[in-house]
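1. Give me coordinates for this.
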Amino acid sequence: MLELLPMVFADPGEALARATALLDAGPAPLHASVAHQVIGIWQRDFGDLRLALHHLRRARECAARAGSADREADVLATTGVALVHAGRTREGLAAFERGVARGGGLTRARVLYRRAYVWWVLGRHREALEDVRRAVPVLRQAEDVIWTARALTLRATVHLALGAVERAEADFAAAEALWETTGQEHDKADAVESRGLAAFRSGDVPAALRLLDEAEKRYARLGTPTFMLNIRRCEVLMAAGLAPEALAEADGAIGKLDGIGGQSTRKAELLLVAARAARLAGDPHTAIARAALAVRLFAGQRRTWWETHARLVLAEARHAAGRGSGRLVADAAAVAGKLASFGAPAAPEASLLAGRIALDLGWTADAERHLAVAARSRRSGPPLARLTGWSAQALRARAAGSARGVLEACRRGLDVLDDHRMTLGASELRARATEQGAELAALAQRASLVSGGPRRLLVWSERWRATVLATPPTRPPADPELLSGMTAFREIASRAEAARMEGRPVLALEREQRRLERVIRSRTLHMRGEAPGGGDRFDVDRLLAHLGDETLLVELAVLDGRVQVLLCGRGRVRRFEAGLLAEAEREAEHVQAGLRRLAHPGAEARLPVVETAGRRLEELLLGPAAARLGGGPVVIVPPGRLHRVPWALLPSLRERVFSVSPSAGSWLRARETEPPPDGRHVLVRGPGLATGGAEVPELAGRYPGATVLEEARARVPRVLRELDGAALAHIAAHGTFRADSPLFSALRMGDGPIVVHDFERLDRSPYRIILSCCDTARFASVGADELLGLVTALLPLGTAGVVACSAPVNDAAVVPLMLALHKGLGAGLSLAEALRDARTALPGDALHQATGWAFSAFGAA
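-> Got it, this is the predicted structure:
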């Protein structure tokens with residue numbers, strides 16, 4: 001009957017069924033002890049702790065009746081783990097003392113391993129390593145493969161907690177080799193999960209996500225819960241800039257754990273990770289509530305290491321909520337001291353927090369002491385730990401009044417983060433990871449304004465703006481699961497759209513569509529970056545040379561909430577101060593609402609209101625710079641939060657040739673992009689347009705030899721094949737922007753949506769592309785100053801110019817605009833020139849004027 005015990009972690013469901021059947025048969029005390037222990041282990045790890053403790057008490061009673069000291073010692077060890085997980089730490093440790101005393105030889109080694117596990121749960125890592133040190137030689141001598149592999153896995157996990165990544169990887173590798181010789185499927189899944197944790201600690205986020213997803217699949221096949229995996233994936237998601245997703249996952253796991261009466265130790269850990277996620281997601285009040293409860297639970301469980309980490313998050317959340325005080329400085333400093341005594345890698349974060357709060361209070365001497373300790377981490381360790389150190393160094397330099405020191409620390413810190421970002425293959429992860437450098441970028445901008453004037457401010461404004469566009473995204477691999485997922489997604493999305501149009505129920509189809517979206521996104525997040533660096537460095541002289549004497553570039557930077565206008569051209573950079581960013585954002589939303597109204601006939605009365613809002617927007621965004629634009633072309637470079645502005649509505653731009661670019665560097669790259677040699681033209685007309693895509697048939701006559709794909713022939717695989725490397729593409733289709741998942745923003749084709757993920761598979765996107773569709777120029781502003789959407793997916797892939805729309809428009813009014821636009825292109829004009837002339841050629845009524853304002857030219861073609 002002893003073979004039932006290893007079966008719990010080979011085939012948990014089968015082990016539970018056999019143990020239950022054995023008890024029903026009325027076995028002898030020794031066999032009954034094993035059966036009760038198996039059920040106790042299953043309930044402890046996968047079910048209800050109260051039932052676990054009941055069965056373990058019965059297991060020990062049966063072992064005592066059988067007169068087996070080793071059997072009783074083994075049950076005592078299992079009981080000790082259960083008691084600690086139930087928050088009854090003192091009783092659990094006492095059970096281990098009795099187990100160590102009762103067992104001998106191999107049994108004692110197994111008891112020591114489980115006590116080491118409990119020491120790890122309690123955060124007492126030195127004791128954990130000591131018990132593993134005593135257990136491993138005995139387990140190896142007995143050729144006990146399963147327990148040796150477990151002990152090595154545990155030792156590796158403890159090494160990771162202490163920051164010893166190389167030692168951990170060596171132990172994980174040795175354990176994995178042992179697991180491959182066994183049938184312990186649950187233990188094997190745990191080994192994959194542990195490798196994911198090791199990958200994360202070494203800075204490889206894509207590999208960590210891939211391994212954790214693989215472990216989850218293995219657990220799902222076994223039908224076992226995955227609470228520890230939830231915690232680890234939350235940590236990885238937070239490092240990837242996906243804090244809201246981490247918070248949702250942690251809260252969902254807490255709900256499931258409460259539902260089955262699971263381990264209170266695991267609940268405390270989930271609360272801690274939820275608190276961290278809430279703080280990073282900008283919700284300090286939720287973070288305070290979760291962290292405070294975690295502190296109470298950890299304290300009751302006598303888990304000082306964990307309690308101290310929870311106190312750090314609690315202090316960070318209170319600071320984020322504006323509750324800085326002398327008491328909070330003392331709390332953060334005390335946490336830093338305790339974490340340092342544990343050898344915890346989080347100690348510099350606590351010192352940085354103490355220094356930051358002290359600076360806010362004007363306690364410069366205290367701040368210097370704490371920041372100096374935090375700054376030591378800048379020289380070694382994982383990227384995000386070094387980033388903490390450089391942040392501390394930058395704050396030290398600012399407090400000392402050294403602008404040069406601030407800029408050097410910011411440069412070094414952002415370089416570290418660049419190296420980390422470029423290991424990420426998915427453009428979404430690269431974009432979101434920039435949030436971790438936002439403070440350094442802001443510090444550098446302030447310092448550059450004081451010490452270097454407009455030119456240096458431009459350099460630092462560019463340093464951390466639209467960085468995702470600086471290098472092409474990693475091309476998704478020819479992954480069969482990803483490709484089949486994309487095909488299934490298009491089919492389901494197409495069926496859901498048809499059902500909505502016919503008034504049929506769509507809930508089941510929408511659920512399946514969301515599931516497929518999760519699969520696709522998960523696979524793309526696994527991609528590892530290939531680019532060797534963070535892209536080319538921005539050069540002001542190169543920009544000014546390309547601008548020449550006629551073109552001006554207007555870059556809008558934001559410092560302390562106010563828009564700073566950097567006017568570049570004619571050999572110099574000038575700075576002007578404009579309005580408040582928050583007011584400009586509100587005005588832009590009002591303008592968007594007005595344009596939506598004007599897209600429908602009969603709303604002419606709104607036109608003066610929208611025009612007045614345009615004048616107000618110009619005052620807020622350009623200020624005195626509006627009067628100094630001259631008469632030549634203009635390039636507008638707004639921050640990500642202003643992507644909704646319809647720039648053609650501003651009076652100084654209304655009759656001017658202008659284009660928009662996410663960054664000056666992006667405009668330079670577009671300017672230097674060469675068109676493809678073959679000059680292919682592609683015209684695409686999707687289904688369901690009110691006008692039937694009326695401009696496409698006429699454009700087909702203007703472009704002899706163009707590839708024309710219409711309605712049913714406009715299927716995604718064919719469209720992508722024709723777009724790849726084209727000189728000019730025009731797509732008339734319904735556009736959908738997904739604020740919740742911007743990389744699933746779509747254009748509707750004959751067989752379903754073509755999404756941003758599809759465009760990222762192109763070897764080279766069209767040199768020029770015109771999207772005569774609603775909402776194609778809408779973006780999600782993420783990270784520090786990054787944009788995710790259709791246009792920004794195209795620019796790094798070889799597209800030099802895009803015409804797209806930032807608002808809903810009237811399909812019929814779009815047709816004359818598009819025909820006039822192509823007329824200008826046929827005359828040799830750029831997209832920006834042709835669009836300006838096309839607006840001028842439109843009828844003067846409100847409907848057509850609003851349509852012209854909604855479109856913008858992006859890039860430089």
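
2. Let me know how buried R18 is, in neighbour terms.
-> 17 (other CB atoms under 10 Å). Using the backbone N, CA and C atoms, a C-beta is placed for each residue, glycine as well.

3. Excluding covalently adjacent residues, which one is nearest to it?
-> Leaving aside its sequence neighbours, R18 sits nearest to L4 (CB to CB, 6 or more residues apart in numbering; 6.0 Å).

4. Let me see the contact set for that neighbour.
-> A15, R18, A19, L22, V34, A35, V38 (CB atoms under 8 Å, 6 or more residues apart in numbering).

5. quick one, helices of the stretch 401-550 of the chain?
-> For the stretch 401-550 of the chain, the helices defined by DSSP state H, counting those that start in this stretch occupy 403-421, 427-433, 438-451, 453-463, 480-502, 507-525, 540-547.

6. For A812, find the nearest of these.
-> helix 480-502 (19.8 Å; CB to CB).

7. Any regions of the chain where pLDDT drops low?
-> Scanning the chain for pLDDT under 70 picks out the ranges 1-2, 472-473, 475-478, 530-536, 693.

8. Can you get me a residue count around the residue nearest to P505 when sequence neighbours are not counted?
-> Counting by CB to CB, 6+ apart, P505 lies nearest to A499, which is 7.0 Å off, once chain neighbours are set aside. If you count neighbours by other CB under 10 Å, A499 ends up with 16.

9. Confirm for me that A499 is in contact with L509.
-> Yes: at 6.2 Å, A499 and L509 qualify as touching, with contact defined as CB atoms under 8 Å.

10. Check the helices of the stretch 401-550 of the chain for me and report the most buried one.
-> Compared across the helices of the stretch 401-550 of the chain, helix 427-433 shows the largest average neighbour count, a mean of 27 (mean count of other CB atoms under 10 Å).

11. same for it, what does it pack against?
-> Helix 427-433 sits against helix 403-421, helix 507-525, strand 780-782, strand 786-788, with contacts defined as 3 or more CB pairs under 8 Å, 6 or more residues apart in numbering; DSSP states H and E.

12. picking that back up, check the contacts of L4 against V406 and report the nearest one.
-> Set against V406, the nearest of the contacts of L4 by CB to CB is A15 (60.5 Å).

13. The helix or strand hosting the closest one: how far from the chain's middle?
-> Using DSSP states H and E, A15 falls within helix 12-24. Relative to its chain's centre, helix 12-24 lies at 43 Å (CA atoms, centre = their mean, to the nearest Å).

14. With stretch 368-386 instead?
-> In terms of CA atoms, centre = their mean, the centre of stretch 368-386 is found 24 Å from the chain centre.

15. What residues of it count as buried?
-> 368, 370-371, 373-375, 377-378, 381-386 (16 or more other CB atoms under 10 Å).

16. How about the contacts made by R302?
-> T89, R90, L122.

17. Quick one: buried ones out of those residues?
-> Neighbour counting by 16+ other CB under 10 Å classes T89, L122 among those as buried.

18. Redo the contacts of R302 as JSON lines? Include secondary structure.
-> Listed next are the contacts of R302 as JSON lines, based on DSSP: H, G, I helix; E, B strand; the rest coil:
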{"residue": "T89", "secondary structure": "helix"}
{"residue": "R90", "secondary structure": "helix"}
{"residue": "L122", "secondary structure": "helix"}
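
19. right, and L525 touches R430 too?
-> No: between L525 and R430 there is no contact under CB under 8 Å: 11.0 Å.

20. if we can go back for a sec, pull the residues that contact the helix holding A15.
-> Counting by CB under 8 Å, 6+ apart, 1, 4, 7-8, 31-32, 34-36, 38-39, 42, 46, 186, 222-224 sit against helix 12-24.

21. Pull out the buried residues from stretch 75-90.
-> By neighbour count on 16+ other CB under 10 Å, the buried set for stretch 75-90 is 75-89.

22. what separates that stretch from the chain centre, distance-wise?
-> Computed by CA atoms, centre = their mean, the chain-centroid distance of stretch 75-90 equals 37 Å.

23. what does stretch 381-400 give?
-> 22 Å.

24. buried ones in it?
-> For stretch 381-400, by 16+ other CB under 10 Å, it's 381-399.

25. thinking again about what came up before, in PyMOL, select just the buried ones from the contacts of helix 12-24.
-> Here is the PyMOL command that selects only those of the contacts of helix 12-24 that count as buried (16+ other CB under 10 Å):
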select buried, resi 1+4+7+8+31+32+34+35+36+38+39+42+46+186+222+224
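
26. out of the contacts of helix 12-24, which are inside helices?
-> Assigned to helices by DSSP state H, the following of these qualify: 4, 7, 31-32, 34-36, 38-39, 42, 46, 186, 222.

27. Please save the CA atoms from stretch 848-855 in PDB.
-> Output in PDB follows, covering the C-alpha atoms of stretch 848-855 (Å, rounded to 0.1, in the frame of the first residue of the first chain):
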ATOM      1  CA  HIS A 848     -17.600  66.800 -45.300                       C
ATOM      2  CA  GLN A 849     -15.500  69.200 -43.200                       C
ATOM      3  CA  ALA A 850     -15.700  66.900 -40.200                       C
ATOM      4  CA  THR A 851     -14.700  64.000 -42.400                       C
ATOM      5  CA  GLY A 852     -11.600  65.800 -43.600                       C
ATOM      6  CA  TRP A 853     -10.600  66.800 -40.000                       C
ATOM      7  CA  ALA A 854     -10.900  63.200 -38.800                       C
ATOM      8  CA  PHE A 855      -8.100  61.900 -41.100                       C
END
